[in-house]
Every structure is written in C-alpha cells, then in structure tokens.
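> When you get a sec, could you give me coordinates for this:
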Amino acid sequence: MTISKRFKKASEGVDINKAYSVEEAVKLIKSRATAKFDETIELSINLGVDPKHADQMVRGVVSLPSGTGRNLRVAVFAKGPKADEARKAGADLVGAEDLAEQVNKGEINFDRCIATPDMMPLVGRLGKVLGPRGLMPNPKVGTVSNDVTAAVKAQKGGAVEFRVEKAGIIQAGVGKASFTADAIAQNVRALADAVAKSKPSGIKGTFIKRVAISSTMGPGVRIDPSSLSVKG
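Numbering: from 1, shown residues only. As a prediction, the model looks like this:
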C-alpha cells in the first residue's frame, strides 16, 4: 500500500496522453524521484523493428557525456603486457584461464567484461554463462579490443551498451536522480542519437516510434521524439 500511494502521488500532474519535450519530461521525473536512495533514471525507446529478423537487430554502445552515476566492476581477459595494461587502467579483475574457471563456477563478480582478441577462443567457451547475462565481449560494442586502456576507461566511465529486446524496445539507464536536469537531458539525447544512427538500412517508415523516461520508483513520462533533435 505504501508503494502504491507513493506511486499514485508521484503520478499526479503527469498527463499520460501527452508527449513532453526532453526538458519538461526530465523536470517532471526529477521532481518525483523522492525515494530514500538515488534513483536510476531510465530511458525506453520503442522502435519500428522486428528483432526476430537478424537484419533488424539494433545494438551498439554510446559514451554518455554526463556519465552513468554507477560504479561498474570491470573484468578483463588478457595475458602478459595487456593484463598489466588492464590493471593500470583500473580493471577490477584481470586473468585468463583462472578467470574463466571462476566464471564457470558462477563466480561473476563484475558488471562488464572485456577481452583482447587472442582471448576470444577461451572466452567463447563461456558463452552459455556470459551470454544470458549480457556480458559476452563483442567487438561491435568495443569490448573486444587490443586497446585495453581505452576499453576499460570507456566501461568505467559513461559507456552504455544498448540492444533491442524482443518487443522492439531499448531500455538503458541515463543517469541518477541526483544529476542536474541538464546532465540528464544531455545523456538522453546522446543515447537517442546513438540509437538513431544504428538504424538498419532496410528499415522503412518511422524508426523511433515512442520514447519514455522514468525513475526507479516513479511513473513513466512520454517524450516527444521531435524534441530529441535526432533523425528517427
């Protein structure tokens, strides 16, 4: 009942039939994020694609200008000098066969996974464990790379991976309620722009159909796609 009352109160003043500008939507969300913890702000983008078709899969990575507000634990599969490089860059876990053994045991104490190309035969055998958790390194999102320093710093910083789900929706965090409204708006536009640029070449008609923003405990607020200043 407490959550229900809080949600009802937070929803007051939000027109569910209206699509607000980015700035208006962010203001509404921030003013209603009143939980005792720093709520995550999440963006949902409904796309005009059918992910069942391989040529309509949308995925990528974007570096949010204002960061994510999260302290992410990064694991790196690397050996020799590249392993040393990963440690210097701030990786939380670095290893090869030993790290693979931990993963196989279900000891996954990290939020992001990076691998150098020569480690992929080893990492590939961990697909059944890492894949369902969205942790499998992929060159398309910069997590398979010989530039270990850049990869670690990107994941530790504001890098956010996005991938369209079965229903044609992309969901990703764009900051915390404690961020300034401008910082959240910048992140929203950065993510929306990256998604728009990932539009499959064969898609006709409207690509970005609906956009909404919400906080962990708050209501969803629709955003007018035209206010994002991106082509969709």
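
> ranges for the strands of this protein?
Defined through DSSP state E, the strands belonging to the chain, from first to last, are 40-47, 59-63, 74-77, 93-95, 112-115, 159-163, 169-176, 208-215, 221-223.

> packing partners for the last one?
Spelled out, it's strand 221-223. When contacts are defined as 3 or more Cβ pairs under 8 Å, 6 or more residues apart in numbering; DSSP states H and E, strand 221-223 packs onto helix 22-32, strand 208-215. C-beta: built from backbone N, CA, C; applies to glycine.

> What of the first one?
Under the contact criterion of 3+ Cβ pairs under 8 Å, 6+ apart, strand 40-47 touches strand 169-176, helix 181-197, strand 208-215.

> returning to what we had before: the strands of the chain: which one's closest to Glu23?
In terms of Cβ to Cβ, the element of the strands of the chain nearest to Glu23 is strand 221-223, at 9.8 Å.

> Check the offset of that closest one from the chain's centre.
Relative to the mean C-alpha coordinate of its chain, strand 221-223 is positioned 19 Å out (Cα atoms, centre = their mean, to the nearest Å).

> Looking at that strand now, give me its mean pLDDT.
Strand 221-223 shows a mean pLDDT of 97 in the predicted model.

> Okay, buried residues for that strand please.
By neighbour count on 16 or more other Cβ atoms under 10 Å, the buried set for strand 221-223 is Val221, Arg222, Ile223.

> As TSV, those with distance to Lys27 would be great.
Shown next, in TSV, are the buried residues of strand 221-223 (distance: Cβ to Cβ, whole Å):
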residue	distance to Lys27
Val221	9
Arg222	14
Ile223	12
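
> before we move on, the earlier item: now tabulate the helices and strands packed on strand 40-47 in a markdown table and tack on mean neighbour count.
Output for the helices and strands packed on strand 40-47, formatted as a markdown table (neighbours: other Cβ atoms under 10 Å):
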| stretch | mean neighbour count |
| --- | --- |
| strand 169-176 | 21 |
| helix 181-197 | 20 |
| strand 208-215 | 20 |
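
> Among those, which comes closest to Lys30?
Using Cβ to Cβ, the helices and strands packed on strand 40-47 put helix 181-197 closest to Lys30, at 5.9 Å.

> From the chain's centroid, how far away is that closest one?
Going by Cα atoms, centre = their mean, where helix 181-197 is centred and where its chain is centred differ by 12 Å.

> counting contacts, what elements does it pack onto?
helix 22-32, strand 40-47, strand 59-63, strand 159-163, strand 169-176, strand 208-215.

> As a markdown table, the helices and strands packed on strand 40-47 with distance to Gly157 and mean pLDDT would be great.
As requested, those are arranged in a markdown table below (distance: least, Cβ to Cβ, whole Å; pLDDT from 0 to 100):
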| stretch | distance to Gly157 | mean pLDDT |
| --- | --- | --- |
| strand 169-176 | 13 | 95 |
| helix 181-197 | 12 | 96 |
| strand 208-215 | 22 | 96 |
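
> Ok, which of these comes nearest Gly48?
The closest approach between Gly48 and any of these, judged by Cβ to Cβ, belongs to strand 208-215 at 5.3 Å.
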